[in-house]
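**Student:** Mind folding the following:
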Amino acid sequence: MERINNKNVAISLFGFLKSKGYYPSDYELDGFIDHDEVFSVELDEGEIYRLTMPYEFNIENDSIMKKVIEEMYNVNVFNYFENKSEYMNCLIFSLLHEMGHIHQYLTLSEEELDSLEDTDIESRLEINNNYTDKYEREVHYRQLSTETYADTFAIKVMSEHKNELESLIDEILNGDFEEFCPYGEFFLLG
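**Tutor:** Residues are numbered from 1 along each chain as shown. You can find the predicted model right below:
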């Protein structure tokens, strides 16, 4: 079994994206990693301020996400990078997805970002209230404009830089493994 420090993967991926011009070279972002199985980008008053991610997650919980993404985009995100674990494939996709949100948010004015955030919250509530079936909920969730943007960003980066990302993954896996801080930790991407 691979020993993966998700924080190191996030830092490496963020640096990779900056080197490819997806973000300004001086752009920095706070990160937070803990035991909750949540990936998210947090906003406050129109400012992106934190990427949140888990130490580890159970990919079995993401089987519906995998199915919906495969149907929508004809891409299997759990097996995209050959000879890499399903866990690593899902981690790369999930982080690129969140970094896709950041990419989109950086292109918007403060007013546009506030409006998008309000619409997104309303739409998510509507989906949760109207769909009890997990598959149907995931389909509608993935059709939100912010989620579609983040999914297509991740898939585009994966397809355009597949070989480079596979090399980056190998470097990460061959590097030193750092033990987790048991209570969660903040870190800097950038």
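**Student:** low pLDDT regions in the protein?
**Tutor:** Counting by pLDDT under 70, the chain shows low-confidence ranges at 1-2, 45-46.
**Student:** Could you pull out the helices in it for me?
**Tutor:** 6-19, 63-73, 86-106, 110-130, 134-142, 145-160, 162-174 (DSSP state H).
**Student:** what helices or strands is the fourth one leaning on?
**Tutor:** Contacts of helix 110-130 with other secondary structure elements, assessed using 3 or more CB pairs under 8 Å, 6 or more residues apart in numbering; DSSP states H and E, are made with helix 134-142, helix 145-160. Using the backbone N, CA and C atoms, a C-beta is placed for each residue, glycine as well.
**Student:** Residues contacting that helix, please?
**Tutor:** The contact list for helix 110-130 (CB atoms under 8 Å, 6 or more residues apart in numbering) reads 43, 46, 105, 108, 137, 140-141, 144-146.
**Student:** now those residues in a markdown table, with distance to I172?
**Tutor:** Output for these, formatted as a markdown table (distance: CB to CB, whole Å):
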| residue | distance to I172 |
| --- | --- |
| L43 | 28 |
| G46 | 33 |
| Y105 | 26 |
| L108 | 31 |
| R137 | 33 |
| H140 | 34 |
| Y141 | 29 |
| L144 | 30 |
| S145 | 32 |
| T146 | 28 |
